[in-house]
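Participant: Curious how this folds, go ahead:
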Amino acid sequence: MRGGMRRKLRRMDWHQALLESELRRALAERQFVLFYQPVFDHAGRITGVEALLRWRHPRKGLVGPAEFIAQSEQSNLIVEIGQWVLGEACRQLAAWRRNDATRSLTVAVNISARHAREPDFVDRVVGVLKAAGADPALLKLELTESMLLGNVDDMIGKMRALKVCGIGFALDDFGTGYSSLSYLERLPITQLKVDRSFVRNMLLTPNAATIVRAVIALGRELGLEVIAEGVENEDQQRALSAWGCQRFQGFLYSPPVAASELDRWLASAPLNP
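Facilitator: Purely as a prediction, here's the structure:
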C-alpha cells in the first residue's frame, strides 16, 4: 500500500508539473479565449454578459476552467491569467462600445482571491481599462464570499477605490460560502447572484427553495439586483419570477458564446435600455 501510494503521489506530481508547463505555454501562445454568457430580464432582453474563460488546448480542444483553475491557483499563475482575462474583457468592451447594437453592453468578470489580494490590484484594473479605452461603468467585477475571508477591510477598501472609478461589483455564488450579513452591509455591491446549485434544486427540495426565496428577498431589501444562475427550464424561470427575481442566466436562454456570435445575435436583438 505504501509503495502504491508513493507511485500515485509521483504520478500526481508529474501531472501537476505537466499541467503547469502547459498553462505557461497557453499564456505565451495566447491559447486562452473568452466566451460570453448573456444575462436576460423578464422580457427576454439582454442586460449584460459574463465573461467565461476557456482554453483552446492544442490536443484536447476546448477545455473548461474546472480542469485547470485549481492548478493555476496552486502555482500562482491565476494572477497572470486573471490579468489577461481583465485585459481581454476590457478590449472587448471597447470594441462593443463602437457599435450601436452593443455600446451599452456590460461585461462581468470573475476575480480570483489571489488576484484581488495583490497589493497593486486597483492599479492593475485601472491600468487595463485605460489601455483598452473601455468605459469603467460597463465593467462589473464578480467576487465570491470566500474572497472576504481574512483581511475583509483590505478587500472593501479596494472595492471602494474601484467604485469611485465607476466599476460595479456583484457577489457571486451567494449562500455557498461563509455568509455574513455584517460584511454584506459594508460591501459596495450592486448585484447578488444566486448560486446555480440552489437554482438546480429549488423545485426538488424545500430547503433549496427557501434559500433562493431568502436571497431574493434579501437582495430586494438591500436595493440590490438579483441574478439567478444556471436557469435551465421554464418551470425554474416562472418560480424565480414569482419570487421576485429580476435577472436570469443559464442554458434556458443561452450557453456561453463567442463574441462574434453574440455580435450577430445583438444585431437583430437590441439590448435592454
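Participant: how about the nearest residue to residue 55, chain neighbours excluded?
Facilitator: Take residue 55 and drop its neighbours on the chain: the residue closest to it by Cβ to Cβ, 6 or more residues apart in numbering is residue 63, 4.2 Å away. Backbone N, C-alpha and C define where each C-beta goes, glycine included.
Participant: The stretch 1-150 of the chain: strands as residue ranges?
Facilitator: Assigned by DSSP state E, counting those that start in this stretch, the strands in the stretch 1-150 of the chain fall at 32-40, 46-57, 61-63, 107-110, 139-144.
Participant: Could you report the distance from the residue nearest the centre of the chain to residue 210?
Facilitator: A centroid search over the chain (Cα atoms, centre = their mean) returns residue 110, at 3.4 Å, as the residue closest to the centre. Separation of residue 110 from residue 210 (Cβ to Cβ, to the nearest Å): 27 Å.
Participant: Quick check: the nearest residue to residue 23 once chain neighbours are set aside vs residue 173, distance?
Facilitator: Nearest residue to residue 23, sequence neighbours excluded (Cβ to Cβ, 6+ apart): residue 77, at 5.5 Å. Plainly put, residue 77 is 22 Å away from residue 173 if you go by Cβ to Cβ.
Participant: what's the answer for residue 245, then?
Facilitator: Applying Cβ to Cβ to residue 245 and residue 173 gives a distance of 16 Å.
Participant: Please identify which of those two sits among more neighbours.
Facilitator: Just comparing residue 245 and residue 173: by other Cβ atoms under 10 Å the higher neighbour count belongs to residue 245, 25 against 19.
Participant: who's in contact with stretch 152-160?
Facilitator: The contact list for stretch 152-160, computed with Cβ atoms under 8 Å, 6 or more residues apart in numbering, reads 116-117, 121-122, 143, 147-148, 169, 183, 186-189.
Participant: rerun at 7 Å
Facilitator: 116, 121, 122, 147, 148, 169, 183, 186, 187, 188 (Cβ atoms under 7 Å, 6 or more residues apart in numbering).
Participant: Which residue ranges of the stretch 1-150 of the chain form helices?
Facilitator: Using DSSP state H, counting those that start in this stretch, the helices found in the stretch 1-150 of the chain span residues 2-28, 69-74, 77-97, 113-116, 121-132.
Participant: thinking again about what came up before, let me see the contact set for the residue nearest to residue 55.
Facilitator: 54, 55, 57.
Participant: Buried among these? Need that as a selection in PyMOL.
Facilitator: Of these, the buried ones can be selected in PyMOL as follows, counting by 16 or more other Cβ atoms under 10 Å:
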select buried, resi 54+55
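Participant: Please identify which of the helices of the stretch 1-150 of the chain is closest to residue 262.
Facilitator: With Cβ to Cβ as the criterion, residue 262 lies closest to helix 77-97 of the helices of the stretch 1-150 of the chain, at 8.8 Å.
Participant: tell me which residues of that closest one are tucked away?
Facilitator: 77-79, 81-94, 96-97.
Participant: mean confidence for that helix?
Facilitator: Mean pLDDT, helix 77-97: 96.
Participant: which residues does residue 23 contact?
Facilitator: Going by Cβ under 7 Å, 6+ apart, residue 23 touches 68, 71, 72, 77.
Participant: Could you dump those residues into JSON lines with distance to residue 216 added?
Facilitator: Converted to JSON lines, those look like this (distance: Cβ to Cβ, whole Å):
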{"residue": "68", "distance to residue 216": "33"}
{"residue": "71", "distance to residue 216": "36"}
{"residue": "72", "distance to residue 216": "33"}
{"residue": "77", "distance to residue 216": "37"}
